[in-house]
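In: how does the following fold in three dimensions:
(2 chains)
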Amino acid sequence: MGGKRQDEILHDHNHDGIDRRGFLKCMAWAGTGAFCVMQGGVLKSYSLSRLPGLGSKEAMGELSFVQISDSHMGFNKPANPDVAGTLKAAVDKINGLSAAPEFMLHTGDISHLSKPEEFDTVDQILKNAKPKDVFYVPGEHEVLNDDGKQFLERYGKSSKGAGWYSFDKKGVHFIGLVNVMNLKAGGLGTLGHEQLEWLEDDVKHLKHSTPIVVFAHIPLWSVYPEWGWGTEDSAQALAYLKKFGSVTVLNGHIHQTMQKIEGNVTFHTAASTAFPQPQPGKADSPGPMKVPADQLKSVLGITDVNYVQGQHALAVVDSPLA
Amino acid sequence: MRRSVSIASLATALVLGMGALGAGQQRFELSAQQKPETAEVKIDNFSFGPAALTVPVGTTVSWTNRDDIPHTVVSTDGVFKSKVLDTDEKFSFTFSKAGSYPYFCSIHPKMTGKVIVQ
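Out: Residues are numbered from 1 along each chain as shown, chains lettered A, B, ... in the order given. The predicted structure follows:
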């Protein structure tokens, strides 16, 4: 994976913990954005300020898509009284990307209170994005009062079960998973038996060389179980993906960017487009974090992902909204 | 006695009475004799306070969400279930039977609490 450069960041929060210095480094990282390249199962991040120095091969690919997450439309508390405005800023950011993404992934918490008008507002705003296709998975805020019925009617008509599905784009196999249903007291996110069986079957006939992208709302790795930031049965899901050379897992839920590498799997969480949440354990609770208004957009963002065919690489780029 | 209580308490007492009617005459008399009891649980910083609450039979417990994030109050055994509670919204449930009632927030299941009814 080469020597570490000064502005190359390899995050492993489980391993190194987060002290104040690390926290500030992360904040700076979120503030300037990061460019990430995964090669041979190792994801490298570079400060966006170094991007001009990177070759086009590293920055571009045959397939480019964007992940957005945690729009929380309807949220109106001091941490961000204008979540529609920041989602629009995210769309502007997407429309300004040099390589036009083919589609978007939304990793959940589209709405804040599962209200129809909240979904309508998000749909209206996302219509202005250049990529027209959006693939969704639900967050817990989509399934508040009706076990996800409304979510399925709006976004999951062709999905299985509670909204899981897979599709292929240019040789990359995408898998959208649902881990926000039937949560048990004291527990974490859950995939459940039925979905795990489907997953096993879904990937059974794929070649080992097929790049896999899994997306789900709650992290599929143990970010901070004390705050519920993990998924009970994710190990089983990952076991089915062991045979693949390149697996990228994209999550939301924790409203901050983080990465972790475990063997062939690179885990990545996206920033929210609505409000930031504290670093694990660095506050009394994972509630919305209020930052000065002029700094808000630096801790919100989008994630741009490029797949370079033949290079066995997925490049993950986090960009702040300002 | 009822003239001095608020309409909300009166409504609670009536609901309690009606619920108890189904459960049997004996319990109805017991409830009618007792002054309606109330207790409160506050939701702050992703936790229920107090996390364990002991109350007499017939008590109406209310939960108020004081977080910037919505929560729910859901009985682990399916006895009661609130709708989603946004900031400052409230859910109440009247406990007409003795027992232990564990509950949690179905959105943030690490949030757990218990009502013990004696």
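
In: tell me the residues of chain B that contact chain A?
Out: Proximity of chain B to chain A, by C-beta under 8 Å from any C-beta of the partner chain, involves residues B:45-47, B:67-70, B:72, B:76, B:83-84, B:86-87, B:102-104, B:106-110, B:112. No exception for glycine: its C-beta is placed from N, CA and C like everyone else's.

In: mind giving me the PyMOL command for buried ones among those?
Out: Typed into PyMOL, the line below selects the buried ones among the residues of chain B next to chain A, using 16 or more other C-beta atoms under 10 Å in any protein chain shown:
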select buried, chain B and resi 46+47+67+68+69+70+72+76+84+86+102+103+104+106+107+108+109+110+112
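
In: sort out for me which of the residues of chain B next to chain A are in strands.
Out: B:47, B:102-104, B:112 (DSSP state E).

In: so can I have a markdown table of those residues showing pLDDT?
Out: A markdown table is the format used below for those (pLDDT from 0 to 100):
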| residue | pLDDT |
| --- | --- |
| B:Ser47 | 97 |
| B:Pro102 | 98 |
| B:Tyr103 | 98 |
| B:Phe104 | 98 |
| B:Thr112 | 97 |
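
In: tell me where chain B is predicted with low confidence.
Out: Counting by pLDDT under 70, chain B has low-confidence residues at B:1-35.

In: so it: which segments form each domain?
Out: B:1-35, B:37-117 (automatic domain parsing).

In: quick check on A:Gln236: phi, psi?
Out: Backbone torsions for A:Gln236, taken as degrees, to the nearest 10, come to phi -70, psi -40.

In: and the closest residue in space to it that isn't next to it in sequence, how far is that from chain B?
Out: Sequence neighbours aside, A:Leu196 is the residue nearest to A:Gln236 in space, at 5.3 Å (criterion: C-beta to C-beta, 6 or more residues apart in numbering or on different chains). Computed as C-beta to the nearest C-beta, to the nearest Å, the A:Leu196 to chain B distance reads 19 Å.

In: what's the local residue count around A:Leu196?
Out: 17 (other C-beta atoms under 10 Å in any protein chain shown).

In: how about A:Glu117?
Out: A:Glu117 has 11 neighbouring residues, counting by other C-beta under 10 Å.

In: again with A:Lys132
Out: Taking other C-beta under 10 Å as the criterion, the count of residues near A:Lys132 is 10.

In: what backbone torsions are found at the spatially closest residue to it that is not a sequence neighbour?
Out: Excluding the flanking residues, the one nearest A:Lys132 by C-beta to C-beta, 6+ apart is A:Phe103, at 7.7 Å. Backbone geometry at A:Phe103, expressed as degrees, to the nearest 10, gives phi -160, psi 180.

In: hey, what's A:Phe103 bridged with?
Out: Per DSSP bridges, the residues bridged to A:Phe103 are A:Phe65, A:Asp133.

In: pretty sure it is touching A:Leu63, no?
Out: No - between A:Phe103 and A:Leu63 there is no contact, the gap being 9.4 Å when judged by C-beta atoms under 8 Å.

In: overlap in contacts, these two.
Out: Shared contacts of A:Phe103 and A:Leu63 (C-beta atoms under 8 Å, 6 or more residues apart in numbering or on different chains): A:Lys169.

In: in which helix or strand does the residue of the stretch 51-200 of chain A found nearest chain B reside?
Out: Using C-beta to the nearest C-beta, the single residue of the stretch 51-200 of chain A nearest to chain B is A:Ala185, 3.7 Å away. Counting by DSSP states H and E, no helix or strand carries A:Ala185.

In: from A:Ala79, how far out is it?
Out: 27 Å (C-beta to C-beta, to the nearest Å).

In: give me the more crowded residue out of these two.
Out: Neighbour count, other C-beta under 10 Å: between A:Ala185 and A:Ala79, A:Ala79 has more, with 22 against 18.

In: how far off centre is stretch B:99-106?
Out: When distances are taken as C-alpha atoms, centre = their mean, to the nearest Å, stretch B:99-106 is centred 11 Å away from the chain's centroid.

In: of the ones in strands among the residues of chain B next to chain A, which is the nearest to chain A?
Out: For these, the nearest to chain A is B:Phe104 (3.7 Å; C-beta to the nearest C-beta).

In: can you pull up the bridge partners for the closest one?
Out: B:Val74, B:Thr112.

In: ok, now which ones touch A:His141?
Out: A:72, A:108-114, B:70, B:107.

In: kindly report the same for A:Leu63.
Out: Contacts were defined as C-beta under 8 Å, 6+ apart; by that measure A:Leu63 touches A:102, A:169-172, A:306-307, A:309.

In: likewise for A:Asp304?
Out: A:64-67, A:94, A:97, A:101, A:316-319.

In: number of nearby residues for the residue in the stretch 201-322 of chain A that chain B sits nearest to?
Out: Using C-beta to the nearest C-beta, A:Ser285 is the residue of the stretch 201-322 of chain A that sits closest to chain B, at 3.8 Å. Residues within reach of A:Ser285, counting by other C-beta under 10 Å, total 17.

In: element containing it?
Out: Per DSSP H and E, there is no helix or strand for A:Ser285.

In: where do the helices sit along chain B?
Out: Here chain B has its helices, by DSSP state H, at B:7-23, B:25-33.

In: is A:Leu238 in a helix, a strand, or coil?
Out: A:Leu238 falls in the helix class when you classify it by DSSP: H, G, I helix; E, B strand; the rest coil.

In: tell me the contacts of it?
Out: Residues in contact with A:Leu238 (C-beta under 8 Å, 6+ apart) are A:220, A:247, A:262, A:265.

In: wait, a helix at the residue nearest to A:Gln236?
Out: Yes - according to three-state DSSP, A:Leu196 belongs to a helix.

In: tell me how far the ends of stretch A:87-105 are from each other?
Out: Stretch A:87-105 stretches 14 Å from its first residue to its last (C-alpha to C-alpha, to the nearest Å).

In: report the distance from that stretch to the chain centre.
Out: On C-alpha atoms, centre = their mean, the centre of stretch A:87-105 falls 15 Å from the chain's centre.

In: over to stretch A:73-82?
Out: 21 Å.

In: repeat that for stretch B:83-99.
Out: On C-alpha atoms, centre = their mean, the centre of stretch B:83-99 falls 4 Å from that of its chain.

In: ranges for the strands of the stretch 201-322 of chain A?
Out: A:212-216, A:247-251, A:258-262, A:265-269, A:301-308, A:313-320 (DSSP state E, counting those that start in this stretch).
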